[in-house]
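Visitor: Just to be clear, the model below is a prediction. Sequence and coordinates:
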Amino acid sequence: MFYQNSFEIRKNGKRIRNLYNNQKINFPNFVKLKLKLMNLLKLFFFVLLTSSTLNAQSVLNTKKEQAKAPATIQFGKEAFKSSTSTTIRWLGMAGFFINSRNTQFMIDPLLGGYDLPLLMDFPIKPKEVPQLDAIFATHSDNDHYSVSTCQDLSSVTKEFHSTIFVDSLMRNDGIKSVGHYIGESFQVGDVFVRLTLADHAWQNNFPKPGQRYYSPGDACGFWFDTPDGSIWAPGDSKFMQEQVHMPTPDLILFDYSEDPDFHSGLDGAIKIANAYPNTPLILGHWGFVDAPDFNPFNGDPDRLKSKVINPERIIILAPGQPYILKKLKK
Ligand SMILES: [Zn+2]
């Protein structure tokens with residue numbers, strides 16, 4: 001028996017199988033056995049290949065890549081001492097801690113008790129915060145106004161500031177707060193503060209029976225004039241033309257989200273960044289919540305860096321890592 005050109009099987013010169021004309025042949029028993037074994041082998045490798053491919057696909061489907069912040073750097077009381085400069089730390093999520101010479105304050109602090117899984121640790125616990133001159137909340141969502149964090153910090157915080165609406169929530173939650181209209185300004189220590197416009201009324205798109213109407217002014221951003229320069233924290237907002245006509249800030253604390261419906265989206269983020277082409281941007285709202293399929297939280301700074309003027313000014317801080325504010329040369 002021999003195999004000829006791989007498509008004919010012959011025995012003693014007699015053709016027993018031709019793969020092209022598919023004629024029926026009565027195979028000898030040993031050939032039948034050999035063919036059965038070969039078919040079993042083929043089946044085995046087919047199953048092996050298919051299952052490993054399916055496994056690889058299911059891993060890809062459940063483990064979509066998400067950009068993750070650098071490892072958290074813990075800090076403590078030493079970060080709250082008065083100094084000769086203005087230092088900014090990202091608290092993870094959307095929160096920032098600013099120590100401006102003799103004035104210490106937080107924006108949108110969330111330091112525990114969140115209802116989604118997280119990729120990172122918070123850089124400080126509320127009980128480790130020795131004192132704050134103020135806490136600012138941009139809007140009512142629990143990644144910005146954390147009731148438990150604000151309550152935990154209320155005994156060491158002199159003042160809470162937000163919009164008129166969020167102030168009403170804070171008072172109901174037992175927090176002594178002050179509500180402000182958009183454009184209103186006031187002073188905390190050596191820092192002048194002004195509320196800036198934001199558009200984040202996503203609740204109106206998901207009405208529930210009896211739900212209030214969310215209006216412009218329920219959410220805000222904050223502008224800070226410190227002795228060492230200006231800082232703008234626009235808050236969560238759909239892209240608005242107003243956002244590209246601000247005075248040039250020395251630093252932007254940017255809620256970076258690629259969701260275009262209720263946040264800036266990538267295109268809006270590029271427009272805001274490029275409107276102030278020399279201003280550094282510290283990114284928050286990304287890389288902290290474990291939400292690869294939820295675009296409000298899964299932004300990738302590399303996508304922004306690839307599209308902005310002077311990409312080196314996109315600052316990727318680890319939660320807790322200090323950054324010293326510098327005035328821009330104007
Ligand atoms: Zn948010």
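Guide: Now that the structure is in, tell me what you want to look at. Numbers count the residues shown, from 1 in each chain.
Visitor: Please parse this structure into its domains.
Guide: Structurally, the chain divides into domains by automatic domain parsing as follows: 2-61, 77-324.
Visitor: Columns mean pLDDT and distance to the ion on top of the ones you listed, output as TSV?
Guide: Where C-beta positions appear, they are placed from N, C-alpha and C, glycine not excepted. Below are the domains of the chain laid out as TSV (pLDDT from 0 to 100; distance: least, Cβ to the ion, whole Å):
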stretch	mean pLDDT	distance to the ion
domain 2-61	56	26
domain 77-324	96	4
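Visitor: neighbouring contacts of stretch 295-311?
Guide: With Cβ atoms under 8 Å, 6 or more residues apart in numbering as the test, stretch 295-311 has contacts from 66-67, 116, 256-259, 262-263, 266, 269-270, 273-274, 277-278, 283, 285-289, 291-292, 314, 316.
Visitor: hmm, I was thinking of stretch 72-86
Guide: By Cβ under 8 Å, 6+ apart, stretch 72-86 touches 87, 89, 92, 97-102, 104, 120-124, 128-131, 226-229, 231, 318-322, 324-325.
Visitor: related to what we said a few turns ago, name the stretch among the domains of the chain that sits most buried.
Guide: The highest mean neighbour count among these, using mean count of other Cβ atoms under 10 Å, belongs to domain 77-324: a mean of 19.
Visitor: Would you mind measuring the gap between the ends of that one?
Guide: 18 Å (Cα to Cα, to the nearest Å).
Visitor: Next: stretch 92-111.
Guide: Across stretch 92-111, first to last residue, Cα to Cα, it's 8 Å.
Visitor: cool, and stretch 145-160?
Guide: Terminal residues of stretch 145-160 lie 11 Å apart, using Cα to Cα.
Visitor: ditto for stretch 322-330
Guide: 24 Å.
Visitor: Please apply the same query to stretch 75-94.
Guide: 17 Å.
Visitor: rewinding a little: and the domains of the chain as a markdown table, adding distance to residue 71?
Guide: As requested, the domains of the chain are exported to a markdown table (distance: least, Cβ to Cβ, whole Å):
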| stretch | distance to residue 71 |
| --- | --- |
| domain 2-61 | 24 |
| domain 77-324 | 6 |
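Visitor: What ranges does the stretch 51-200 of the chain have for its helices?
Guide: Using DSSP state H, counting those that start in this stretch, the helices of the stretch 51-200 of the chain run over 147-153, 164-172.
Visitor: roughly how far apart are the one residue sitting closest to the centre of the chain and residue 179?
Guide: Taking Cα atoms, centre = their mean, the centroid of the chain lies closest to residue 286, which sits 1.9 Å from it. Distance from residue 286 to residue 179, counting by Cβ to Cβ, to the nearest Å: 29 Å.
Visitor: And for residue 187?
Guide: On the measure of Cβ to Cβ, residue 187 and residue 179 end up 17 Å apart.
Visitor: Please apply the same query to residue 282.
Guide: In this view, residue 282 and residue 179 are 27 Å apart by Cβ to Cβ.
Visitor: Same question for residue 104.
Guide: For residue 104 relative to residue 179 (Cβ to Cβ), the value is 22 Å.
Visitor: next one: residue 223
Guide: 17 Å.
Visitor: Residue 201 now?
Guide: Using Cβ to Cβ, one gets 17 Å for the distance from residue 201 to residue 179.
Visitor: How about the contacts made by residue 131?
Guide: Contacts for residue 131 (Cβ under 8 Å, 6+ apart) come out as 80, 104, 156-158.
Visitor: that older thread, mark which of the contacts of stretch 295-311 are part of helices, please.
Guide: 266, 269-270, 273-274 (DSSP state H).
Visitor: which one of those sits closest to residue 148?
Guide: Closest approach to residue 148 among the ones in helices among the contacts of stretch 295-311 (Cβ to Cβ): residue 269, at 29.6 Å.
Visitor: ok, the closest one touching residue 254?
Guide: Yes. With contacts counted by Cβ atoms under 8 Å, residue 269 reaches residue 254, the gap being 7.2 Å.
Visitor: where along the stretch 101-250 of the chain do the strands fall?
Guide: 103-107, 132-136, 157-163, 177-180, 185-188, 191-197, 220-226, 229-233 (DSSP state E, counting those that start in this stretch).
Visitor: Contacts only, for the residue nearest to residue 195 when sequence neighbours are not counted.
Guide: Leaving aside its sequence neighbours, residue 195 sits nearest to residue 220 (Cβ to Cβ, 6 or more residues apart in numbering; 4.5 Å). Contacts for residue 220 (Cβ under 8 Å, 6+ apart) come out as 138-139, 162-163, 180, 182, 195-198, 235.
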